[in-house]
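Engineer: Fold the following.
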Amino acid sequence: MRKYLLILMALNLLGCSKQLGEQSGFSVFKSLRTGYQIMEFVSSCSSPVWKEHKWQAFSKELRSRGLSLADGSNTTIGNNTISTLPNSKIFSSPSGREIVLVEYFERDSIMENRWKEVWESIGMHSGIQNRLLGKYYLKLEDSFPISLNATFRNDAYIFNFKHELSFLNMEPKTWNSQEIEEFSEALRSLNENIKLLASYFIHEKDKIYYPLHDRVLNAQERLVGFVDFWTEVKYNFAFFDQVPDLDWDEVLLEYIPHFQKDQSNSEYYKLLSEVCALLNDGHTDIYPPSLLTSKLGQVPIELSAFEDGIFLTNFDTSYQSTLQLGYELIKVENEPISKYMERNILPYISASTDYIKLNKALLAVIEGENGTNLNMTFRNQEGVDVPFSAQMRKGNVNWVKEEQDWNLTSYKKQEGVGILTLNSFGNQRVVDQFESYLDSLVSIDRLVIDLRDNGGGNSGFGYQILDYFSDQPIITSKWQTREHKAAFKAWGDGIKEPIASLSEWEIEAKLTYEENFWYEASPDTLISTKDQLKNLEVMILIGNNTASAAEDFLIAAESIALGKTMGDFTFGSTGQPMFIRLPGGGSARICTKKDTYPNGKEFVGYGIQPDVVLKESIDNVLSGEDVVLQKAIELLNE
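Structural biologist: All right, here's what the predicted structure looks like:
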């Protein structure tokens, strides 16, 4: 089985014009995260109807901090000057080095145009950004003073906070202690101003979702988060049929006392993960606040599961005197690995299939609080046990076996066969890059499409690529989602007759009362418009990491008989997740959509079985031999 890779794609992207470095343990970039989290929280909340007395109170608070309402037809975003709007309010310090801008909008269209102007005015920067919400950043340009900034929006307002620094050193890596102190004070001041904003510009009910920092959630907050998650699952989760022995109402009664007990924030989110894992779904997850995940480290080794055991497939060079590739993992903390995972890891893992749950567990085994030790026992090729102890840590890893660079797509020719690798359907670039290979693709007659590390994205991008391989209609998956109408549930309470004797509306009422009425969508039929590659002989490689939109691609590909599949079972999970907030800045996603083959055949919870099952062995992985690709080429060349 191929090594299980998790590529976490977050919205928090680093946009750098100059690298932010570290000095004496001080990280400029890491120091921006706290403010970014507060900014992101304000952006995610809807604003209450503005009251004049609140505005006056907010203005008074800013004045107490040395910021007064200023007049002017212009303001600065980044280092660019833009005109103010009639609804703009600008607060400035006497020196003009500290500025707060607040703009209110009654119409979405006007706000969208203004946001585009503001976004483009920021220019090159160093910091953290979310394209939909805003940026928290430094401006480092030789012809302007250094400034710390937060530019963001919510549903009705655009905000800009700016704090200029007095020194001119444009290289944070070389800042001295005095410069770091000034930066830190500016950071504290800017964050305090955003916190003040949060106290006036969000609803009281939203404050439970404020980023944790040093706050411990109380019993009421913990219970609200659990009940919110439980309720959304009860009415929207698409795969209760996959867990027929789970009584979700009983889960509520069983776990309420657990959430009411005194516990740390980490213990709370672990308990939520335990509840979520009961659903056995790969598109339903708990995401703890970043404050908690930032405390985690890993032992820099890689473990992979094969049919004959769990083996070491890579590790940091600092362990070379103790470890060798191919050692089998026998124990963790002096307990057999299977029992250790069953007791400490697997109850908290959400996955639709057992083999994906195991793959995720192998990542979780080597993760824990940064700085803590993990004790393991390996067995070498001679059958001798090798004790190993290492510390959870962060930072760069020097792998013994060089890791391959991840690319969105690639194309090469090997033994007369084209090899097209598609590692994601995450954005339009995958289609653009595929189309850049067309001149090469039309010149061959045999092609391998490698989807083994394609974790999904947007099914539409995969369908655009499929369009080139057929002149026949492409049939996509069929889907359904639960439908709830309150009045029908009330009517259904009194309907006791069997469904076969009921009218159409009575059936809907009865099923709604039983929480089992579904909206069903027929498969889409996509008319092919580009068929340049329809005559290619194709083999598709799949595996455990072939997930979500990549599985949708396989279902559509089967409708046009694109080619045989080879490798291992796919991830076995797709659907449309809905996201909800959790107390302290965490979140959850819940799968609301059930996808099947056009004929109703299910693959979620099972994985798509390849036409030719061929799993990798530990020997294949250690030698670097790609037996699946080699076999595909061999079959295509017969």
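
Engineer: Show me where the protein dips below the pLDDT cut-off.
Structural biologist: Applying pLDDT under 70 to the chain picks out residues 1-26, 50.

Engineer: What residue in it is the furthest from its centre?
Structural biologist: When distances to the mean C-alpha position of the chain are computed (CA atoms, centre = their mean), the maximum falls on residue 501, with 46.9 Å.

Engineer: how about it, what does it touch?
Structural biologist: With contact set as CB atoms under 8 Å, 6 or more residues apart in numbering, residue 501 has no partners. C-beta coordinates here come from the backbone N, C-alpha and C atoms, glycine included.

Engineer: Could you report the separation of residue 242 from residue 577?
Structural biologist: Computed as CB to CB, to the nearest Å, the residue 242 to residue 577 distance reads 15 Å.

Engineer: for residue 333, same thing?
Structural biologist: Here the criterion is CB to CB. By it, residue 333 lies 34 Å from residue 577.

Engineer: Name the helix or strand for the closest residue to residue 409 other than its chain neighbours, please.
Structural biologist: With CB to CB, 6 or more residues apart in numbering as the criterion, residue 409 has its nearest non-adjacent residue at 4.4 Å, and that residue is residue 433. Taking DSSP states H and E as the definition, one finds residue 433 inside helix 429-436.

Engineer: still on that earlier bit, out of residue 333 and residue 577, which sits in the more crowded spot?
Structural biologist: Applying other CB atoms under 10 Å to residue 333 and residue 577 shows that residue 577 carries more neighbours, namely 20 against 12.

Engineer: Pretty sure residue 125 sits against residue 138.
Structural biologist: Yes - here residue 125 lies in contact with residue 138, judged by CB atoms under 8 Å, at a distance of 6.7 Å.

Engineer: hey, what's in contact with both of those two?
Structural biologist: Common neighbours of residue 125 and residue 138 (criterion: CB under 8 Å, 6+ apart): residue 149.

Engineer: Counting by contacts, list what the lengthiest helix in the chain packs against.
Structural biologist: Longest helix in the chain by number of residues (criterion: DSSP state H): helix 177-201. Contact here means 3 or more CB pairs under 8 Å, 6 or more residues apart in numbering; DSSP states H and E; on that basis helix 177-201 packs against helix 28-44, helix 52-64, strand 147-153, strand 157-164.

Engineer: Those: which one's closest to residue 317?
Structural biologist: Of all the helices and strands packed on helix 177-201, helix 28-44 sits nearest to residue 317, with 25.6 Å by CB to CB.

Engineer: how distant is that closest one from the center of its chain?
Structural biologist: Here the centre of helix 28-44 is set off from its chain's centre by 18 Å, with CA atoms, centre = their mean, to the nearest Å.

Engineer: again with stretch 364-376
Structural biologist: Mean C-alpha position of stretch 364-376 versus that of the full chain (CA atoms, centre = their mean) differs by 23 Å.

Engineer: swap in stretch 407-424?
Structural biologist: That offset, for stretch 407-424, works out to 26 Å (CA atoms, centre = their mean).

Engineer: now stretch 43-50
Structural biologist: Taking CA atoms, centre = their mean, one finds stretch 43-50 lying 25 Å from the centre of the chain it belongs to.

Engineer: again, but for stretch 530-539
Structural biologist: Between the centre of stretch 530-539 and the centre of its chain there are 33 Å (CA atoms, centre = their mean).

Engineer: In that stretch, which of the residues would be classed as buried?
Structural biologist: Taking 16 or more other CB atoms under 10 Å as the basis for neighbour counts, the residues of stretch 530-539 that come out buried are 530, 533, 536, 538, 539.

Engineer: and which of those residues is nearest to residue 619?
Structural biologist: Nearest to residue 619, judged by CB to CB, of those is residue 539 at 23.3 Å.

Engineer: what sits against the closest one?
Structural biologist: The neighbours of residue 539, taking CB under 8 Å, 6+ apart as the test, are 447, 448, 449, 563, 564, 565, 566, 632, 635, 636.

Engineer: May I see the PyMOL selection of the buried members of these?
Structural biologist: PyMOL command restricting those to the buried ones, with burial defined by 16+ other CB under 10 Å:
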select buried, resi 447+448+449+563+565+566+632+635+636
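
Engineer: Let me have the contacts of residue 539 in a markdown table, extended by distance to residue 543 and secondary structure.
Structural biologist: As requested, the contacts of residue 539 are arranged in a markdown table below (distance: CB to CB, whole Å; DSSP: H, G, I helix; E, B strand; the rest coil):
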| residue | distance to residue 543 | secondary structure |
| --- | --- | --- |
| 447 | 18 | strand |
| 448 | 13 | strand |
| 449 | 13 | strand |
| 563 | 16 | strand |
| 564 | 15 | strand |
| 565 | 10 | strand |
| 566 | 10 | strand |
| 632 | 12 | helix |
| 635 | 17 | helix |
| 636 | 18 | helix |
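
Engineer: Any chance of the contacts of residue 539 in a markdown table with distance to residue 97 as columns?
Structural biologist: Compiled in a markdown table, the contacts of residue 539 are given as follows (distance: CB to CB, whole Å):
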| residue | distance to residue 97 |
| --- | --- |
| 447 | 61 |
| 448 | 60 |
| 449 | 57 |
| 563 | 64 |
| 564 | 67 |
| 565 | 62 |
| 566 | 63 |
| 632 | 63 |
| 635 | 69 |
| 636 | 67 |
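
Engineer: nearest residue to residue 571 other than its sequence neighbours?
Structural biologist: For residue 571, the nearest residue in space outside its immediate sequence neighbours is residue 547; the separation is 3.4 Å by CB to CB, 6+ apart.

Engineer: And what about the one you found, helix, strand or coil?
Structural biologist: Look at residue 547: counting by DSSP: H, G, I helix; E, B strand; the rest coil, its state is coil.

Engineer: Against residue 456, how distant is it?
Structural biologist: The spacing between residue 547 and residue 456, counted by CB to CB, is 5 Å.

Engineer: hey, what's in contact with both of the two?
Structural biologist: Shared between the contact lists of residue 547 and residue 456 (criterion: CB under 8 Å, 6+ apart) are residues residue 574.

Engineer: Near residue 103, how many other residues are there?
Structural biologist: Here the neighbour count serves as a burial measure; for residue 103 (other CB under 10 Å) it reads 22.

Engineer: before we move on, what about residue 64?
Structural biologist: Residues near residue 64, counting by other CB under 10 Å, number 9.

Engineer: swap in residue 81?
Structural biologist: Should you count by other CB under 10 Å, residue 81 turns out to have 10 residues around it.

Engineer: who touches stretch 182-201?
Structural biologist: Defining contact as CB under 8 Å, 6+ apart, one finds that stretch 182-201 is touched by 28, 31-32, 34-35, 38-39, 41-42, 45, 47-48, 54, 57-58, 61-62, 65, 67, 98, 100, 148, 150, 154, 157, 159, 161, 163, 165-167, 175, 207, 210.

Engineer: Which members of those residues are classed as buried?
Structural biologist: The neighbour-count test (16+ other CB under 10 Å) applied to the contacts of stretch 182-201 identifies 28, 31-32, 34-35, 38-39, 41-42, 45, 47, 58, 62, 67, 98, 100, 148, 150, 154, 157, 159, 161, 163, 165, 175, 210 as buried.

Engineer: quick one on the thing from earlier: how far away is the residue farthest from the centre of the chain from residue 227?
Structural biologist: In this structure, residue 501 and residue 227 are separated by 38 Å, where distance is defined by CB to CB.

Engineer: again with residue 113
Structural biologist: Counting by CB to CB, the gap between residue 113 and residue 227 amounts to 40 Å.

Engineer: if we can go back for a sec, buried residues in the longest helix of the chain?
Structural biologist: For helix 177-201, the buried set under the neighbour-count rule, 16+ other CB under 10 Å, comprises 179-180, 183, 186-187, 189-191, 193-194, 196-198, 200-201.

Engineer: helix/strand/coil for residue 101?
Structural biologist: Using three-state DSSP as the criterion, the local structure at residue 101 reads strand.
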